[in-house]
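>>> just to be clear, the model below is a prediction. Sequence and coordinates:
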Amino acid sequence: MVNLSAAEETLQHVAQEVSNCQRCQLHYSRKNAVPGEGPANACIMFIGEGPGFHENEQGRPFVGAAGRYLDELLEKIGMQRSEVFIGNVIKCRPPSNRDPLPEELAACGDYLERQIQAINPQVIVTLGRFSMARFLQNVKISEVHGQSFQVRGRLVLPMFHPAAALHQPSLKPQLERDFASLPDLITLKDKATPVESQNDTQPKAEPKQLSLF
Ligand code: URA
């Protein structure tokens, strides 16, 4: 019999619920829900926006062009995808990759929260504006990317979405610099800007569109 840790068990339950989820209209058009994947004891949790075409086909996060770039970024800092948890703020692909609607983000919020609680990562890296908005409101990604914030006891590091950098190559050096700061951050995790008053349960601001994948 496999002996699962409590965290692994929670992740499995969440994944099962996500696969059968009918909380919002996205379940009508999805092929596969994408709960996210990675070890339950991951130090770093990456949170993207939502599944695109390839993720919907395979039921796995970041497996298209943005995912290949994410793998490259990890390799450059000596890490592998298998060491980190990779998830999204929404678990089903919006039709034609449109932006997630507030009710879709709200419907998925509890799944992500349970994943965060179970993994208890040292650092949460938000990829793109929708993911950042879950933790940090009224900030611009162009101004805060690469800076770490303490949000209700969690270290949050906002970064540009890899798909944004693929569409706008001038963002690549910034994204690569932000990734380069990650290994140190895991060891220096207490040196972050406190923003304890931020509510990390639901996005408050309506982020601008990022129709990139
Ligand atoms: N973009 C995301 O935000 N998430 C994925 O899983 C794939 C692409």
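Sure thing, it's come through. Residues are numbered from 1 along each chain as shown.

>>> now do the buried residues in the longest helix along the chain.
Across the chain, the helix with the greatest residue count (assigned by DSSP state H) is helix 102-119. Neighbour-count burial for helix 102-119, counted by 16 or more other Cβ atoms under 10 Å, picks out 104-109, 111-112, 115-116, 118-119. For glycine as for every other residue, the C-beta is placed from the backbone atoms N, C-alpha and C.

>>> format those as TSV; extra columns: pLDDT and distance to Arg23.
Converted to TSV, those look like this (pLDDT from 0 to 100; distance: Cβ to Cβ, whole Å):
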residue	pLDDT	distance to Arg23
Glu104	98	9
Leu105	98	11
Ala106	98	9
Ala107	98	4
Cys108	98	7
Gly109	97	10
Tyr111	98	9
Leu112	98	13
Gln115	98	16
Ile116	98	18
Ala118	98	19
Ile119	98	22
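
>>> from those, which is closest to Gln16?
Tyr111 (10.8 Å; Cβ to Cβ).

>>> tell me which residues in the helix or strand encompassing Ala66 are buried?
Assessed by DSSP states H and E, Ala66 sits inside helix 65-76. Using 16+ other Cβ under 10 Å as the burial criterion, the residues of helix 65-76 that qualify are 66-67, 69-71, 73-74.

>>> just the closest of those to Phe179, please.
Using Cβ to Cβ, Leu73 comes nearest to Phe179 of the buried residues of helix 65-76, at 4.7 Å.

>>> which ones are touching that closest one?
162, 175-176, 179 (Cβ atoms under 8 Å, 6 or more residues apart in numbering).

>>> are any of those buried, and which?
162, 175, 179.

>>> for the first one, what are its contacts?
Looking back up the chat, that one is Pro162. Counted by Cβ under 8 Å, 6+ apart, Pro162 has contacts 62, 66-67, 69-70, 73, 127, 175.

>>> contacting the ligand as well, which ones from the residues you listed?
Among those, the residues that sit close to the ligand (Cβ under 6 Å from any ligand atom) are 62, 66-67.

>>> let me know the next secondary structure element after the helix holding Ala66.
Following helix 65-76 in sequence, per DSSP H and E, is strand 85-88.

>>> where's Glu55, which helix or strand?
helix 53-58.

>>> for that helix, list every residue counted as buried.
54-56.

>>> from those, pick the one nearest the ligand.
Glu55 (4.4 Å; Cβ to the nearest ligand atom).
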